[in-house]
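Engineer: The amino acid sequence is not available; the structure is as follows:
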C-alpha cells in the first residue's frame, strides 16, 4: 500500500513534470514565435503580447529564467523519485529504477511533447505562457542576475549596436523562403525586395547616363524649344546654356500645355519663366530611399546627378525609383523588352540594361564592382579590360558572353548564358 506521504511525493513529482513541460514549451514558443506578429498584437492592445515583448526585450534574462527553472524542477522531481524508489526497491535497484522512469517521463512528457506542440503553435504558446514566465522571471531574479552577469563576463558582447543590414538580410531570407514555398509570386517577391533595397541602392545604380539624356539648348527661340520638347515627349526636359553640362532649368510639359491652352495656342504670350523650374542637383551617392523622401519634400520628380567636380553623371526621376521598387513598366508587353530568351539557354540583352534588372529578372548573381559597371556592357568591358568586337566570346564568373552588335565602340546587344 502506498502511504499518504508517498502519495504526496507522487503528486508533487507529477506537478513538477508539468511545470518542467511548461518551461520547455515556453522555451520553444518564445524562440520560434514571430516578433512581428507579437508586436502587431501588442500594438492592438493585447496585454499578453505586451508581456511577451517585454520578456523578449531581455533575452538573456528570459533564457536564464527558463533554463534555471527547468533544471530546478527536473532535479527536484528526480530527487523525490529516487528517494521514493529507494524506499520500495532498495539502494542500487531504486536508483536505477528512478533514473530510467524519470528519464522516460522527462523526455516524453516534459521535453518532446511540449516542444513539438510549441513549435507548431509558437505564438499561441508564448501568449498563453507569458504570465507563467513573468512570474518565474521575478521569483528567480537573484539567480538570473548572477548567471547573466557571469556569462557576459566570459565573453564580450559584439552585438551591442544594432545591425540594420543583418535585419534586412533576414527579411530577404524570409521572403525568398516564402517564395520558394509558393506564398509569393516572383513579381511580389521582387517588389518586397525593392522596398528592402531603398536604404542600400545608390542613385548611381539606377540613373539615366548623360549620354542618353535628351535636353534642349535654351538659347534657341521659344518656338523651336517648344517644338523640340514635343518631339522628345518627356514630362520634364533639361534645358542647357552654352554646353550640355550647364543645365540651367527644367521645362515642365504640364505647365507648357496649360499655358498653350490658356493663351489659345498663341506662343508669343508664353515665357520660359512660366513653363520652367529650377533644377535639383544631387550626388550619385544618395540612396534611393533618401531621394524618394527628398522628391516628396521638394515636390519634384526629376534630379540632375552631378559628381564631386560638378560634372553631370546623368538624371534620375521619380519614375526610375518607382520602377526600381515594383519592376519595369512595359506598355502592351508583360515581358522585359531589354531581355529576350533565345535558344539553348541564351538571353539576348540590351547593353544599357542595368545589372540589377538582369539579376532580378533572371535570378542571376552578376556582381556590380563599381559605378562603371552598373550596366551589362560596362560590366563586360570592366572585366575584359578592352572594347570587344562583334561576335567575340568571353567566359568568366560562371557565364558565357557573346557580343552581338556594336555602335561607336558601345556594346548595343549581347547574348549571355549561365553555365551550370
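Structural biologist: Arrived safely, thanks for sending. Because the structure is a prediction, the values reported are computed rather than measured.
Engineer: low-confidence ranges in the stretch 101-250 of the chain?
Structural biologist: Along the stretch 101-250 of the chain, segments meeting pLDDT under 70 span 155-166.
Engineer: what residues are up against residue 411?
Structural biologist: Neighbouring residues of residue 411 by C-beta atoms under 8 Å, 6 or more residues apart in numbering: 351, 376-377, 380-381, 388, 403, 405. The C-beta positions use only the backbone N, C-alpha and C, and glycine is treated the same way.
Engineer: ditto for residue 170
Structural biologist: If you count contacts by C-beta under 8 Å, 6+ apart, residue 170 has none.
Engineer: That one and residue 76: what is the separation?
Structural biologist: Look at residue 170 and residue 76: by C-beta to C-beta, to the nearest Å, they are 39 Å apart.
Engineer: can you check residue 50 too?
Structural biologist: Distance of residue 50 to residue 76, given as C-beta to C-beta: 32 Å.
Engineer: what's the answer for residue 180, then?
Structural biologist: 46 Å.
Engineer: Likewise for residue 412?
Structural biologist: To residue 76, residue 412 is 78 Å away according to C-beta to C-beta.
Engineer: circling back to that earlier point, can I get the contacts of residue 411 in JSON lines including neighbour count?
Structural biologist: Shown next, in JSON lines, are the contacts of residue 411 (neighbours: other C-beta atoms under 10 Å):
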{"residue": "351", "neighbour count": "22"}
{"residue": "376", "neighbour count": "25"}
{"residue": "377", "neighbour count": "22"}
{"residue": "380", "neighbour count": "24"}
{"residue": "381", "neighbour count": "19"}
{"residue": "388", "neighbour count": "19"}
{"residue": "403", "neighbour count": "21"}
{"residue": "405", "neighbour count": "13"}
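Engineer: part of a strand, is residue 416?
Structural biologist: Yes - assessed with DSSP: H, G, I helix; E, B strand; the rest coil, residue 416 lies in a strand.
Engineer: Correct me if wrong: it contacts residue 403.
Structural biologist: No - using C-beta atoms under 8 Å, residue 416 is not in contact with residue 403, being 10.7 Å away.
Engineer: and residue 259, what does it touch?
Structural biologist: Counted by C-beta under 8 Å, 6+ apart, residue 259 has contacts 269-270, 274-275.
Engineer: Just the buried residues out of these, in ChimeraX syntax.
Structural biologist: To isolate the buried ones among the contacts of residue 259 in ChimeraX, judged by 16 or more other C-beta atoms under 10 Å, type:
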select :270,275
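Engineer: Tell me which of the contacts of residue 259 fall in helices.
Structural biologist: Among the contacts of residue 259, the ones falling in helices (DSSP state H) are 274-275.
Engineer: Can you tell me which of the contacts of residue 259 is nearest residue 101?
Structural biologist: residue 275 (90.2 Å; C-beta to C-beta).
Engineer: so who does the closest one touch?
Structural biologist: Contacts of residue 275 (C-beta under 8 Å, 6+ apart): 251-252, 255-256, 259.
Engineer: so which of those residues is the most crowded?
Structural biologist: residue 251 (24 neighbours; other C-beta atoms under 10 Å).
Engineer: What segments of the stretch 301-420 of the chain are helices?
Structural biologist: Using DSSP state H, counting those that start in this stretch, the helices of the stretch 301-420 of the chain run over 318-326, 355-362, 376-384.
Engineer: Out of those, which gets the lowest mean score?
Structural biologist: Per-stretch mean pLDDT for the helices of the stretch 301-420 of the chain is lowest at helix 355-362 (a mean of 85).
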